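Colleague: The sequence and its predicted three-dimensional model are supplied below.
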Amino acid sequence: PGVLGLVSNNFYGADEIRATYNSELHNLEWNCVKSGCFDCCTQLDFLCGFRFLTLQEDFALVATDLQAGSTAYEISTENYLYGLQAGGRLRRSGRHVALEVRGKAGLFVNDAQQRQHVDDYPVPLRDLTGGDGQSAAMLAEIGVTLIRPITNVWSLRVGYDVLGVGGVALAPNQLDGTFQPGSGTSLHTDGWLFLHGAHAGLQASW
């Protein structure tokens, strides 16, 4: 744990260390879409627009010495990404189902900050401190969806998405094991986030 762990009452020789990590990602985007058809079954759309994302994280290490007590090292980060994106969407329709493949990529400005403190018994080792800054970030997203019409208006959508975001401040990357003036004030925005998962929903077209 570095020098910070050595001067702590509980990190060095701890009987138990518990780690907790929470992350939230929110997304909002506006796109202009230009559509073109190759034939009656194939449609290709080009899109470009503005996208805004927020990534907020909390990370904590709690070390417990059964004789002395507990020490908590807590870190929180906030990322606000805004910028332009472009992409495309290809849809191939069959008799009963349509297949849609899409991809998007963008460059963003990331307004990021991190805050951290270390509570030790009987006095804090590090008062609330942190760092702020701006950096460049990037995003890439791909997805595949099967579309099953239910009525003339409603369709069922089932698919899989993959999203990668780079240039963000992840909470665990802000750990600083030094013990000197200025410790805990650096901001590291070289983190990568990779998400993937299934989705399902309804679509209305008229």
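Modeller: Received the coordinates, thanks.
Colleague: Do a quick rundown of the helices in the protein.
Modeller: For the chain, applying DSSP state H gives helices covering 2-7.
Colleague: burial of Met138, as a residue count?
Modeller: 18 (other C-beta atoms under 10 Å). Backbone N, C-alpha and C define where each C-beta goes, glycine included.
Colleague: What's the per-residue pLDDT of it here?
Modeller: We have a pLDDT of 97 for Met138.
Colleague: Just list whatever residues bridge to the closest residue to it other than its chain neighbours.
Modeller: Distances taken as C-beta to C-beta, 6 or more residues apart in numbering place Gly166 nearest to Met138, at 5.1 Å, with adjacent residues excluded. Beta-bridge pairing for Gly166 (DSSP bridges): Met138, Trp192.
Colleague: ok, Gly166 - contacts?
Modeller: Ala137, Met138, Leu139, Gly191, Trp192, Leu193 (C-beta atoms under 8 Å, 6 or more residues apart in numbering).
Colleague: Filter those down to the buried ones and express that as a ChimeraX selection.
Modeller: Remark: buried members of these, expressed as a ChimeraX selection using 16 or more other C-beta atoms under 10 Å:
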select :137,138,139,191,193
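Colleague: Need the contacts of Gly166 in a markdown table (columns: distance to Ser155).
Modeller: A markdown table is the format used below for the contacts of Gly166 (distance: C-beta to C-beta, whole Å):
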| residue | distance to Ser155 |
| --- | --- |
| Ala137 | 34 |
| Met138 | 32 |
| Leu139 | 27 |
| Gly191 | 37 |
| Trp192 | 34 |
| Leu193 | 31 |
